[in-house]
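Novice: Mind folding the following:
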Amino acid sequence: MGLSNEERIHKCFYAANQITNIAKSLVLDYDNFKNHNSRKIIERLKEECLKLLPALFGNKRNPFFWFLGTDEEVGFSKTSLWSLAIGPKIENAITPEAFREREKMLGKEFSKMDRDLFEIKGYLDSELKKVYDIYLWSQQFLYASNRYIDKLAKEYSQANGIIAHILNECFNIFDAEDQYTEAYLKSRIFPLLIGAKKYSSYEEWDSLTKFILANHLQFKFKNFGRDSWDQFLFDKLKVWWGKLETSKNSSKLRFEIWLYLIATELEDNKKLIEFKKIAKGFKIPWVKSYDKLIDKKIQEKKDNSEKKLNRYQEEKDYDKKKILKRETSVINFILNDDEED
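Specialist: Model prediction:
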């Protein structure tokens, strides 16, 4: 399907606008960026992103900036910033019928938060997600500007050069931060594990999916591997993905993976009884190894809690000793003690 020059200009501006806004909001947070090299990469990325709009405005021949004085006309053929901001809101105004249809669907489908788990972005921390969004908008910019090899593409060449640098820094972050690999694997596994499509309705879900969603246990999968560093996490996820795609009995495999993920939640006897009913409905015999797995995970949870508590107490004791520690050098001894009469 072809794109008119107006469509290409609109897409390029929106992409440049989003890239600029996201770059301005980027913050190097060590809770998100684990690699020590990320600071320099993020600084370079922001610098390149903030060059993009000046490059567009700086091209006098660029048809995107044909401003006709204070032109207040709004329309598809208009490329003024005024028209670009207001036009889509008028064009996409929601009708009463559409609003009522949307209201009917609320609660009948996956929530927005759940639908995010079908996508890579659903598994990324906020700052890493921003870098990924910059990457996606950069792709949109290139698609629109280079859709045809013509005069418009030539006039956008300087901006495209900046986009190339932006994409390079995105690559550097993707390579440095392991969370992107984890997010990709999880986003591929989730549809297979949940056994439903992104926009499927409640009526299409099986009993396992309904149980997971009703108890908000999908986030056990999202956060899997986040509690402690696991050098074999990618391998575990890769094995799950491969097995889910090729298994002849996907219901049993899904059931067992969810059992592994939510075992500690089944300490609640009501949930355990319900989960056993799901097994029966899937014609999966409840074997001793399932009970052993639950007991093992519950014990691990208790052990981890005790370790955290002990570590917290050790830190408190250390802080107390440190703050009460006295210097024993001659000068400090004299300064810290009252002189004898």
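
Novice: From here on, just use CA atoms for contacts and neighbour counts.
Specialist: Fine.

Novice: what's the domain layout of this protein?
Specialist: What automatic domain parsing lists as the domains of the chain is 5-177, 184-286.

Novice: CSV please, covering those domains and showing mean neighbour count and mean pLDDT.
Specialist: Below are the domains of the chain laid out as CSV (neighbours: other Cα atoms under 10 Å; pLDDT from 0 to 100):
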stretch, mean neighbour count, mean pLDDT
domain 5-177, 16, 83
domain 184-286, 15, 94
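
Novice: which residues sit against stretch 170-177?
Specialist: Contact partners of stretch 170-177, identified using Cα atoms under 8 Å, 6 or more residues apart in numbering, comprise 33-35, 37-38, 41-42, 45, 131-132, 134-135, 180.

Novice: for stretch 209-225, same thing?
Specialist: Asp114, Leu117, Tyr123, Lys186, Ile194, Gly195, Ala196, Tyr202, Leu233, Leu261, Ile262, Phe275.

Novice: residues touching the second one, list them.
Specialist: Just to be clear, that refers to Leu117. Tyr123, Ser187, Phe190, Lys222.

Novice: The third one and Trp241, how far apart?
Specialist: Right, Phe190. Distance, Phe190 to Trp241, by Cα to Cα, to the nearest Å: 9 Å.

Novice: How about Lys301?
Specialist: From Lys301 over to Trp241 the distance is 26 Å, taken as Cα to Cα.

Novice: try Pro96
Specialist: Taking Cα to Cα, one finds Pro96 at 43 Å from Trp241.

Novice: Kindly list the main-chain dihedrals of Asn92?
Specialist: phi -100, psi 20 (degrees, to the nearest 10).

Novice: oh sorry, the question was meant for Ser201
Specialist: With angles defined as degrees, to the nearest 10, Ser201 sits at phi -100, psi 170.

Novice: got a list of what the residue nearest to it when sequence neighbours are not counted touches?
Specialist: Nearest residue to Ser201, sequence neighbours excluded (Cα to Cα, 6 or more residues apart in numbering): Glu109, at 4.7 Å. Each residue near Glu109 by Cα under 8 Å, 6+ apart is listed here: Tyr199, Ser200, Ser201, Tyr202.

Novice: Need phi/psi at the second one.
Specialist: In other words, Ser200. phi -70, psi 160.

Novice: quick one, what contacts the closest residue to Gln179 other than its chain neighbours?
Specialist: Among residues not flanking Gln179 along the chain, Leu124 sits closest, at 6.8 Å (Cα to Cα, 6+ apart). Taking Cα under 8 Å, 6+ apart, we find Leu124 in contact with Gln179, Tyr180, Ala183.

Novice: check which helix or strand covers the second one.
Specialist: Spelled out, it's Tyr180. helix 179-194 (DSSP states H and E).

Novice: Toward the C-terminus, what is the element adjacent to that helix?
Specialist: By DSSP H and E, the next helix or strand past helix 179-194 is helix 207-214.

Novice: and the next element down the chain from that following helix?
Specialist: Using DSSP H and E, the first helix or strand after helix 207-214 is helix 218-222.

Novice: Return that next one as CSV; C-alpha atoms alone will do.
Specialist: What follows is helix 218-222, C-alpha atoms only, in CSV (Å, rounded to 0.1, in the frame of the first residue of the first chain):
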residue,chain,number,x,y,z
GLN,A,218,0.2,-14.1,35.6
PHE,A,219,2.7,-11.8,37.3
LYS,A,220,4.4,-14.8,38.9
PHE,A,221,5.6,-15.5,35.3
LYS,A,222,6.4,-11.9,34.6
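
Novice: that older thread, among the contacts of stretch 209-225, which two are most distant?
Specialist: Spatial extent of the contacts of stretch 209-225 (Cα to Cα) is set by the pair Tyr202 and Leu233 at 31.5 Å.

Novice: Thr264 against Ile298, yeah?
Specialist: Yes. Here Thr264 reaches Ile298: they are 5.1 Å apart, a contact under Cα atoms under 8 Å.

Novice: Can you show me the helices along the stretch 51-200 of the chain?
Specialist: 52-57, 81-91, 96-105, 112-115, 126-145, 151-155, 157-176, 179-194 (DSSP state H, counting those that start in this stretch).

Novice: a markdown table for those, including distance to Leu28?
Specialist: Output for these, formatted as a markdown table (distance: least, Cα to Cα, whole Å):
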| stretch | distance to Leu28 |
| --- | --- |
| helix 52-57 | 21 |
| helix 81-91 | 30 |
| helix 96-105 | 38 |
| helix 112-115 | 25 |
| helix 126-145 | 7 |
| helix 151-155 | 34 |
| helix 157-176 | 12 |
| helix 179-194 | 15 |
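
Novice: Perfect, that will be all.
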